[in-house]
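Engineer: Here's a sequence, model it:
(one chain, ligands or ions: 1)
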Amino acid sequence: MIKYPPRLQLANLPTPLTKLEKFKIPGFDGNLWVKRDELTGTEVSGNKIRKLEFCIAHALEEGCNTLITCGGVQSNHCRATAILGAQLGLKVHLILRGVRPELPEGNLLLDYLAGAEISFLPQDEWDGHESFAQNLQEQYLASGDKAHFIPIGASDEIGLWGYIAAYEELAEDFKRHSLDPDYIITATGSGGTQGGLIVGSHLLGSRAKIIAFNVCDSASYFKNKIKEDVSLWKQRYKVEIEETELNITTLEGYMGPAYGEADNSVFEAIASLARTEGLFLDPVYTGKAFHGMVSELQLGQEGKLPGANDVVFVHTGGLFGIFPQQRNFQFS
Ligand SMILES: Cc1ncc(COP(=O)(O)O)c(C=O)c1O
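Structural biologist: Sure thing, here's the model as predicted:
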């Protein structure tokens, strides 16, 4: 039995695990399953809400009335935090990387509508975002508020619980479907989803390999980041696990031109899944990971997912990220 710290019930759980019946991958005759975490909610959808259930519970325990967090201008995590703040009666201050666009689109539009305070930090000052957040915390304190800082993507030792719990939910799904998957696939951006799934599968003793496709940074970055988060998690919650036994596998090569920029193959993969299954991916995270997974499965035994028969793709949400990139879709 996994013993969890305090947690809020914010997400619509459990999310469905569905088998794709119509989407076919040439050369792959196994089964493709999707864990529908884009359905954790409507406006507060996707993977972040699972982590925020633990992070915000922690902030409330500390007596905070304000949340400060950070990310890209189109951050799904910032949008989820802004909206949860409005729902829970907490002030939210977002620190976004870049300059304020003339027209707020996608996630940023929702941030503004939810009433979040927003500071923009230019890319060349981004290294200082944590001290910027610290200054903000002091300013809030001086005006009688207590602010909790949630790091990028809520990927820290508290947020890690989100996908440990999600793994437990997956284990129940597998039992219900009599499924013993070979691979569980996710996009990775700040490491918390990947890390949580890896720790969850380790605690529950699973055979499935957790494979992440990175949308920024590198495989070695995610190895270090996850080891760091797990080590802090062990210290904070007094859990004994051997980090060296954790299998951290990140497949590189599908990031495309840069974080937040994708090439045509990703937009085609998004359109193809939407057309065949009515399932929508995003161009920043899930589209890249899905395209990576499909490309590797097509290569069969020569690819990086050998022996794949049952594969589970964790759909981590991100739909609002489609709209600022609508010009990249081509229709005849
Ligand atoms: C839609 C979506 N998928 C995947 C990820 C990656 O998750 P993580 O930050 O936990 O690595 C994110 C956030 O970064 C996201 O917004």
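Engineer: Give me the three-state assignment for I83.
Structural biologist: In the three-state summary, I83 is assigned as helix, counting by DSSP: H, G, I helix; E, B strand; the rest coil.
Engineer: Show the contacting residues for the residue positioned nearest the centre of the chain.
Structural biologist: In the chain, the C-alpha nearest the mean C-alpha coordinate belongs to N47, at 4.6 Å (C-alpha atoms, centre = their mean). By C-beta atoms under 8 Å, 6 or more residues apart in numbering, the contact list for N47 reads D37, T40, G162, Y163, A166, T193, V314, T316, G317. Using the backbone N, CA and C atoms, a C-beta is placed for each residue, glycine as well.
Engineer: Next, count neighbours for the residue nearest to it when sequence neighbours are not counted.
Structural biologist: Excluding its sequence neighbours, the residue lying closest to N47 (C-beta to C-beta, 6 or more residues apart in numbering) is T316, at 3.9 Å. When neighbours are counted by other C-beta atoms under 10 Å, T316 registers 27.
Engineer: do D182 as well
Structural biologist: 17.
Engineer: now the strands: where do they sit in the stretch 201-332 of the chain?
Structural biologist: Taking DSSP state E, counting those that start in this stretch as the criterion, the stretch 201-332 of the chain carries its strands at 209-214, 249-251, 310-315.
Engineer: I'd like to know which of those strands lies nearest to V239.
Structural biologist: Of all the strands of the stretch 201-332 of the chain, strand 209-214 sits nearest to V239, with 18.3 Å by C-beta to C-beta.
Engineer: do you know how far the residue lying closest to Q137 once chain neighbours are set aside is from L136?
Structural biologist: Of all residues not flanking Q137 in the chain, A147 sits nearest, at 4.7 Å (C-beta to C-beta, 6+ apart). Distance of A147 to L136, given as C-beta to C-beta, to the nearest Å: 7 Å.
Engineer: which residues are common contacts for the two?
Structural biologist: With C-beta under 8 Å, 6+ apart, A147 and L136 have common neighbours I68, H93.
Engineer: For the two, indicate the residue with more neighbours.
Structural biologist: A147 (22 against 18).
Engineer: rewinding a little: could I get the strands of the stretch 201-332 of the chain as CSV with distance to the ligand, mean pLDDT and mean neighbour count?
Structural biologist: Below are the strands of the stretch 201-332 of the chain laid out as CSV (distance: least, C-beta to the nearest ligand atom, whole Å; pLDDT from 0 to 100; neighbours: other C-beta atoms under 10 Å):
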stretch, distance to the ligand, mean pLDDT, mean neighbour count
strand 209-214, 8, 98, 24
strand 249-251, 10, 98, 18
strand 310-315, 8, 98, 24
